[in-house]
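Visitor: coords please:
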Amino acid sequence: MKFVLIFGPQAVGKMTVGQELEKKTELKLFHNHMTIDLLAPIFGFNSEMWRLVNLFRKEIFESVAKSDLKGLIFTYVWGFDLQSDWDYVNKVCEIFESSGGTVYFVELEADLEERIERNKSPHRLEHKPTKRNVEWSEKELKETMEKHRLNSYEGEIKKENYIKINNTNLTAVEVAEFIKERFNL
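Guide: Sure thing, here's the model as predicted:
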């Protein structure tokens, strides 16, 4: 079982890279908005929605880890200044590692101007209904960036299977191919 965690700030291209990686491998994509966009229309962005998002994700991770699937790609916005996010990532990885799986860490970073453009892309808006209010989404993108550190410091992630890619000027296909080759997926 292979678990590929693609993380980075909003609109960096996590889902799009994950979609391309899914096409190139036998891994299934479970991007973070699959649960958010399911529950936000019912509950809004409140504590009950996040409780259920985390519950659904945990159940899905546990089921996948026990399955005969080749693996899973998951996307996540990781606040490096938040201990709760570090704890969450550790718990998710433990689900796969305790079942004999291997975890691969893929960090994406891109310039703010590029992320703002990607935030408006038809592909993103098609797959993420809660981002269709582009004015709100761009404001949230900038506020989150000001409040939290969404990319790691050099040497902060001490995992064997880790890469950091600046994909400002790369296509999702190029990034997915690089990930596939680097980790022999």
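
Visitor: Following the chain onward from the strand of greatest length in the chain, which element is next?
Guide: Longest strand of the chain, by residue count under DSSP state E: strand 102-109. Per DSSP states H and E, strand 102-109 leads on to helix 112-119 as the next helix or strand towards the C-terminus.

Visitor: as a whole number, average confidence for that following helix?
Guide: Averaging pLDDT along helix 112-119 gives 95.

Visitor: Touching it from outside, list them.
Guide: 9-13, 110, 124, 131, 134, 137-138, 141, 145, 168 (CB atoms under 8 Å, 6 or more residues apart in numbering). Where you see a C-beta, it was placed from the backbone N, CA and C, and this is true even at glycine.

Visitor: In a strand, Val4, correct?
Guide: Yes: assessed with DSSP: H, G, I helix; E, B strand; the rest coil, Val4 lies in a strand.

Visitor: In its sheet, which strands sit next to the longest strand of the chain, and in what direction?
Guide: Partner strands and pairing direction for strand 102-109 (DSSP bridges) are strand 2-7 (parallel), strand 162-166 (parallel).

Visitor: The residue positioned nearest the centre of the chain in helix, strand or coil?
Guide: Nearest to the mean C-alpha position of the chain, by CA atoms, centre = their mean, lies Thr75 at 1.6 Å. Recorded secondary structure, Thr75: strand (three-state DSSP).

Visitor: ok so, going back, quick check: helices, which of the contacts of helix 112-119 are part of them?
Guide: Under the assignment DSSP state H, these contribute Arg124, Val134, Ser137, Glu138, Leu141, Met145 to helices.

Visitor: Quick one: buried ones out of these?
Guide: With burial judged by 16 or more other CB atoms under 10 Å, the buried subset of the ones in helices among the contacts of helix 112-119 is Arg124, Ser137, Glu138, Leu141.

Visitor: which of the residues you listed lies closest to Phe178?
Guide: For these, the residue nearest Phe178 by CB to CB is Arg124; the value is 21.1 Å.
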